[in-house]
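> sequence? don't have it. structure:
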């Protein structure tokens, strides 16, 4: 089975690596240490361990409070919401050159909403008879 990217959050006590690089809750590096020492620090300060970089050598973990983890999860959710999904980039709108003023205002509002959502907008104007 392919590895699924886990959601940002506490890893608990299951750490597959013997040696890891630890960062404290203030963002200061505590250096490389054995996972037993990291778990001991976690228990002493009543914090949680969070994996930041798995592919680094050694992997980077950070001690965080529950509040910090929650704030990071909210940031990740906002970023994910803001980025459009692949295949949904272009929105197209077409109207006649003899469009009424109210209809034009409505369609302009729709275009503004799409641009705000980071879509590419294609506007086609047909010539009126």
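That came in fine, so what should we check first? In this text the structure is predicted, and so the values were computed from the model without any measurement. Residues are numbered from 1 along each chain as shown.

> Now do the same for the residue nearest to the spatial centre of the chain: helix, strand or coil?
Central residue of the chain (CA atoms, centre = their mean): residue 76, 3.0 Å from the mean position. Under the three-state scheme (DSSP: H, G, I helix; E, B strand; the rest coil), residue 76 adopts helix.

> what's the spacing between it and residue 99?
As judged by CB to CB, to the nearest Å, residue 76 and residue 99 stand 42 Å apart. Backbone N, C-alpha and C define where each C-beta goes, glycine included.

> Next: residue 127.
For residue 127 relative to residue 99 (CB to CB), the value is 12 Å.

> if you count what's nearby, which of those two comes out ahead?
residue 99 (15 against 7; other CB atoms under 10 Å).

> Show the model's pLDDT score for the residue of the chain positioned farthest from its centre.
Here the chain reaches farthest from its C-alpha mean at residue 129, the gap being 49.3 Å by CA atoms, centre = their mean. At residue 129, the model reports a pLDDT of 73.

> For the chain, which segments count as helices?
35-44, 66-82, 101-116 (DSSP state H).

> buried residues in the second one?
By that I understand helix 66-82. The neighbour-count check on helix 66-82 (16 or more other CB atoms under 10 Å) flags 69, 72 as buried.

> Now do it: which elements does it pack against?
strand 48-53 (3 or more CB pairs under 8 Å, 6 or more residues apart in numbering; DSSP states H and E).

> rerun that using 10 Å as the cut-off
strand 48-53, strand 60-64 (3 or more CB pairs under 10 Å, 6 or more residues apart in numbering; DSSP states H and E).

> Now find how far off-centre the first one is within its chain.
What that stands for is strand 48-53. 16 Å (CA atoms, centre = their mean, to the nearest Å).

> for that strand, what is the average pLDDT?
85.

> tell me the domain ranges of this protein?
19-82, 90-126 (the TED database).
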